[in-house]
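> Predicted model and sequence below, questions to follow.
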There are 2 protein chains.
Amino acid sequence: MRNRVLLAALLATLAAASTQAQSQWQALPDVAPAPADNPTTAAKVELGKMLYFDPRLSSTGTVSCFSCHNVMEGGDDHMTTSAGVHGQKGGRNAPTVWNAAFHSVQFWDGRAPSLEEQAKGPPVNPIEMGMANLDAVIDRVRHIPGYRPYFEKAFGTGDVVTMANAAKAIAAYERTLITPGSAYDRYVKGDTQAMNAQQVRGMDTFAGVGCTGCHQGAAFNGPALAEGTGFFMKFPAYADSSYVAEYKLVDDPGRASATHDPADRGMWRVPTLRNLEVTAPYMHTGSVKSLPEAVRVMASTQLDRQLSDAEVGDIVAFLGTLNGPFPPQTMPRLPATPGDLLE
Amino acid sequence: MRNRVLLAALLATLAAASTQAQSQWQALPDVAPAPADNPTTAAKVELGKMLYFDPRLSSTGTVSCFSCHNVMEGGDDHMTTSAGVHGQKGGRNAPTVWNAAFHSVQFWDGRAPSLEEQAKGPPVNPIEMGMANLDAVIDRVRHIPGYRPYFEKAFGTGDVVTMANAAKAIAAYERTLITPGSAYDRYVKGDTQAMNAQQVRGMDTFAGVGCTGCHQGAAFNGPALAEGTGFFMKFPAYADSSYVAEYKLVDDPGRASATHDPADRGMWRVPTLRNLEVTAPYMHTGSVKSLPEAVRVMASTQLDRQLSDAEVGDIVAFLGTLNGPFPPQTMPRLPATPGDLLE
């Protein structure tokens, strides 16, 4: 049975958001916003990149931020759900780190209000990086003497090798992981040759059937909101879609797992659609394997629509215009390990 | 009890090698040698780097060549022995990939005659990357369509997405992972300011006490030999050294585990000493945690000498001149994953 009260509320929200969205297609900014207390600097980015790639921040010495958020590909892993220390599997599909800087909250359930707070989560998650606590994480960093000069360069002298600064550096690096300049961005900025006829048709269909109700704005993850706000939607909205059981879409309580508020059950942060072609499999479950199927699932569960194959093809063609380019990156050099750091 | 027959044979070998070595300090070549059937090309290196970083070549999708041979640091991991799929631990300390191109055989026991053959080992080792067989490995690669253009660029058209070509590409990439231009190299080429007085004293002590008996040549891993030959030495040679029990140096049969020849028991490929400062912990066991202790252990077990603290300090200072520089590398971009590749 459909929950008609919730549905009515949802549709009202969608309608309000939709009006705003369809009036404007936005290109991705060339620079990601940064909070006042953590302006992005080259020294922070350099340190943050080192920490991001460093598996020594995990209990086993095998898992880094990079392990599940692979910036050499889609910014995620390639699995249904990620593998952490001791081969344990997480409960949700890894969100991409590319353009995460344009989310106003982090994690699928929005439980972190910033990239800085997000960075402190996985290291102490027992099935991700498995450290006992954040003190243990920064103790590892302090035990690698080569890190200190990089902290001092980024944060000055004194007691600067702190978890707060490590998180700031990682967040600063992540704010460089953005992909403006896609075909869509060039099209929106006036290059009418940047998208072909099918892609433009797909763009119209995407808006016309109502995808922009949620997937609006420069990152296609909702309206621009102050950091910490969060743009959440009910998913699935149409719980009697046959896809709900097929792809196990209601087993996870979503945002309610973070807030413990029953009203948040089934509420999820709206994910970005940028670079979607390279982030399969899909949904918080990772249970939907292909992009055309993901489009069908979303149309059915969120819009109560069964799209034609032609409509699906056009929308998928449009979504392809949201790819990259990924900024070229040099590999960091990590400071040497004392021989007694890990077994 | 000392095995005096083996010892006499060993000393004769050392003496012969030592005469050759002490007559010449060699700088590392600027280019690594490549076999006639796999000349190094930019296209192979590009593809090889992608494959090297790709965890999708492991059963769990979590372990790549890079996992245990981290080219962002010492070319190894930072552990006593490495961690493979399902958190399993290997039996030996990971050798560095830096300058592996200058070894005439690969692995601690020399069981692979080339980098190409070495590359086919870890993917199908059940406690490393855990794939069922090499066909399964290349099937994974074939299932990622974005790889084909890179194979064609490197190897031409037709049936080129093969395990043999994948191994050739990885080997070609590894032949770029060399570190000429260290302080030692510059000193040997005539820059007398490149090493300080203690480092020069350590160089003399290093040769004088007999380290060059084994650690000679440009990579400090023995004389230049044809690919596939191998330069092996007995370790420990002086089995009554107290370090043998302390660091468990005789539990592993060494080369005999590959050849099943009892005469190869305790025989090991002589490792390179380049970049030793950044590859702790030490020995095939990974049981020796610091470089000064490693110097003491080797002097005792191989030369039956107890070095003074001053001698150890000087040798360690000299070994520091064998560091890097590591060539700057751009990160590869990995082709996108079909959503059904892995759970």
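Thanks, I have the structure now.
> interface residues of the stretch 151-300 of chain A facing chain B?
A:277-278, A:280-282, A:288-291 (Cβ under 8 Å from any Cβ of the partner chain). C-beta here means a position set from N, CA and C on the backbone, and glycine is covered the same way.
> State the pair within these that is farthest apart.
Within these, A:V278 and A:V288 form the most distant pair, 15.2 Å apart (Cβ to Cβ).
> How confident is the prediction for the nearest residue to A:F53 once chain neighbours are set aside, by pLDDT?
Once flanking residues are discounted, A:F53 sits nearest to A:F66: 4.9 Å by Cβ to Cβ, 6 or more residues apart in numbering or on different chains. Among the per-residue scores, A:F66 holds a pLDDT of 98.
> What residues of the helix or strand containing A:F66 count as buried?
Take DSSP states H and E as the rule and A:F66 turns out to sit in helix A:65-68. Burial within helix A:65-68, assessed by neighbour count using 16 or more other Cβ atoms under 10 Å in any protein chain shown, is assigned to A:65-68.
> Which elements pack onto the helix or strand just after that helix?
Using DSSP H and E, the helix or strand that follows helix A:65-68 in sequence is helix A:115-119. Contacts defined by 3 or more Cβ pairs under 8 Å, 6 or more residues apart in numbering or on different chains; DSSP states H and E place helix A:115-119 against helix A:163-174.
> Alpha carbons of stretch A:57-69, as CSV, please.
Presented in CSV, the C-alpha positions along stretch A:57-69 are these (Å, rounded to 0.1, in the frame of the first residue of the first chain):
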residue,chain,number,x,y,z
LEU,A,57,46.0,5.0,9.0
SER,A,58,44.1,1.7,9.2
SER,A,59,44.4,-1.0,12.0
THR,A,60,45.8,-3.5,9.5
GLY,A,61,47.9,-1.1,7.5
THR,A,62,46.0,-2.1,4.4
VAL,A,63,43.1,0.3,3.9
SER,A,64,43.3,4.0,3.0
CYS,A,65,40.7,6.5,1.9
PHE,A,66,41.8,5.7,-1.6
SER,A,67,40.9,2.0,-1.1
CYS,A,68,37.2,2.7,-1.3
HIS,A,69,37.3,6.1,-3.0
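> contacts for stretch A:173-181?
Defining contact as Cβ atoms under 8 Å, 6 or more residues apart in numbering or on different chains, one finds that stretch A:173-181 is touched by A:27-34, A:40, A:44-45, A:47-49, A:51-52, A:71, A:75, A:97-102, A:115, A:119, A:274-275, A:323-327.
> ignore the last one, stretch A:252-267
Stretch A:252-267 has contacts (Cβ under 8 Å, 6+ apart) with A:91-92, A:107-111, A:232-236, A:250, A:268-269, A:284-285.
> Using ChimeraX, define a selection of the buried residues within these.
Entered in ChimeraX, the line below selects the buried ones among these, by 16+ other Cβ under 10 Å:
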select /A:92,107,108,109,110,111,232,233,234,235,236,250,268,269,284,285
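> Grab the nearest non-local neighbour of A:T301.
Leaving out its chain neighbours, the residue that sits closest to A:T301 by Cβ to Cβ, 6+ apart is A:P236, at 3.6 Å.
> and whatever residue of the stretch 1-150 of chain A ends up closest to chain B, what does it touch?
Distances from the stretch 1-150 of chain A to chain B, computed as Cβ to the nearest Cβ, single out A:H78 as the nearest residue at 3.5 Å. For A:H78, the set of contacting residues under the criterion of Cβ under 8 Å, 6+ apart consists of A:70, A:280, B:56, B:61, B:337, B:341-342.
> Now it, what are its backbone angles?
Backbone geometry at A:H78, expressed as degrees, to the nearest 10, gives phi -140, psi 30.
> and what of A:L47?
Main-chain torsions, A:L47, degrees, to the nearest 10: phi -70, psi -40.
> can you count the residues close to it?
Each residue near A:L47 was counted by other Cβ atoms under 10 Å in any protein chain shown, and the total is 27.
> How about A:T330?
The burial metric for A:T330, expressed as a neighbour count using other Cβ under 10 Å, is 11.
> who does it bridge with?
When bridges are called by DSSP bridges, A:T330 pairs up with B:T330.
> okay, it: pLDDT?
In this prediction, A:T330 has a pLDDT value of 97.
> mind giving me the domain ranges of chain A?
A:4-30+A:181-322, A:42-174 (automatic domain parsing).
> for these, which one ends up most surrounded?
With neighbours taken as mean count of other Cβ atoms under 10 Å in any protein chain shown, these reach their highest mean count in domain A:42-174, at a mean of 21.
> May I have the distance across it, first residue to last?
12 Å (Cα to Cα, to the nearest Å).
> now swap in stretch A:122-137 and tell me
The stretch stretch A:122-137 measures 11 Å between its terminal residues, going by Cα to Cα.
> quick one: average pLDDT of it?
Along stretch A:122-137, the predicted confidence averages to a pLDDT of 97.
> Same question for stretch A:225-245.
Taken as a whole, stretch A:225-245 has a mean pLDDT of 96.
> now it, how far from the centre of its chain.
Chain-centre distance of stretch A:225-245: 15 Å, with Cα atoms, centre = their mean, to the nearest Å.
> Report whether the expected contact of A:V188 with A:W25 is present.
Yes. Contact between A:V188 and A:W25 holds when scored by Cβ atoms under 8 Å: they sit 4.8 Å apart.
> Pop out the phi and psi values for A:T337.
Main-chain dihedrals, A:T337, degrees, to the nearest 10: phi -90, psi 130.
> Distance-wise, check the residue nearest to it when sequence neighbours are not counted relative to B:V278.
Residue nearest to A:T337 in three dimensions, not counting chain neighbours: B:H78, with 3.5 Å by Cβ to Cβ, 6+ apart. Separation of B:H78 from B:V278 (Cβ to Cβ, to the nearest Å): 10 Å.
> Fine by me, thanks again.
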